[in-house]
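Peer 1: Here is the input, now give the coordinates:
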Amino acid sequence: MSSTGFPLPLNVQYLNNAKSWKLLQPYIFVDEVEGPIEIPARFTTNGLTLPRLPLILALFDNYGFPAAVVHDYLYDASGVARKESDQVFYRALRASGVAKWRAGLMYTGVRLFGRFYYKER
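Peer 2: Coordinates of the predicted model:
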């Protein structure tokens, strides 16, 4: 498992009442810096947290869900520092095929507003 990326398919169940998704099996992102990041089954994610503004939704909705799962896990349960978590998010976006310009804007968004969601360990 030496190359970067997502070696397993993402298998989630939508939890309509919580507007979130639960992982049905473990999920792994192999990062070029941090190495393998394994997210356990049953972890719950809200996916991309976006302002509900038409332009923002048009530019970013439906992009980078696999990276958002990794980012939510890093913010919520991993103990990885916020700045490193955000850098992993950017690399995961790129590994999942998100264009460089879009990944850069998404990275900027988490750097600006992620402090409201990061759980200090």
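Peer 1: any idea which helix or strand comes after the one helix or strand in the chain whose mean pLDDT sits lowest?
Peer 2: Of all the helices and strands that make up the chain, the one with the lowest confidence by mean pLDDT, DSSP states H and E is helix 54-60; it has a mean of 56. Elements were assigned by DSSP states H and E; along the chain past helix 54-60, the next helix or strand is helix 65-73.
Peer 1: Pull the distance from that following helix to the chain's centre.
Peer 2: Taking Cα atoms, centre = their mean, to the nearest Å, one finds the center of helix 65-73 at 2 Å from the center of the full chain.
Peer 1: What of stretch 104-112?
Peer 2: Averaging C-alpha coordinates over stretch 104-112 and over its chain gives two centres that are 12 Å apart (Cα atoms, centre = their mean).
Peer 1: what does stretch 81-100 give?
Peer 2: For stretch 81-100, the gap between its own C-alpha mean and the chain's C-alpha mean amounts to 8 Å (Cα atoms, centre = their mean).
Peer 1: cool, stretch 32-45 as well?
Peer 2: From the chain centre to the centre of stretch 32-45 is a distance of 10 Å (Cα atoms, centre = their mean).
Peer 1: tell me the contacts of the most centrally placed residue in the chain?
Peer 2: Of all residues in the chain, the one closest to the mean position by Cα atoms, centre = their mean is Ala68, 1.9 Å from it. Ala68 makes contact with 45, 47-48, 89, according to Cβ atoms under 8 Å, 6 or more residues apart in numbering. Backbone N, C-alpha and C define where each C-beta goes, glycine included.
Peer 1: now Pro26
Peer 2: Contacts for Pro26 (Cβ under 8 Å, 6+ apart) come out as 8, 38-41.
Peer 1: Check whether Arg94 really touches Ala103, as I assumed.
Peer 2: Yes: distance between Arg94 and Ala103: 5.3 Å, which falls inside the contact criterion (Cβ atoms under 8 Å).
Peer 1: and the two? which has more neighbours close in?
Peer 2: Taking other Cβ atoms under 10 Å, Arg94 and Ala103 do not tie; Ala103 has more neighbours (22 against 19).
Peer 1: Just the element for that one, please.
Peer 2: Taking DSSP H and E as the criterion, the element that holds Ala103 is helix 100-113.
Peer 1: Nice, that's everything, thank you.
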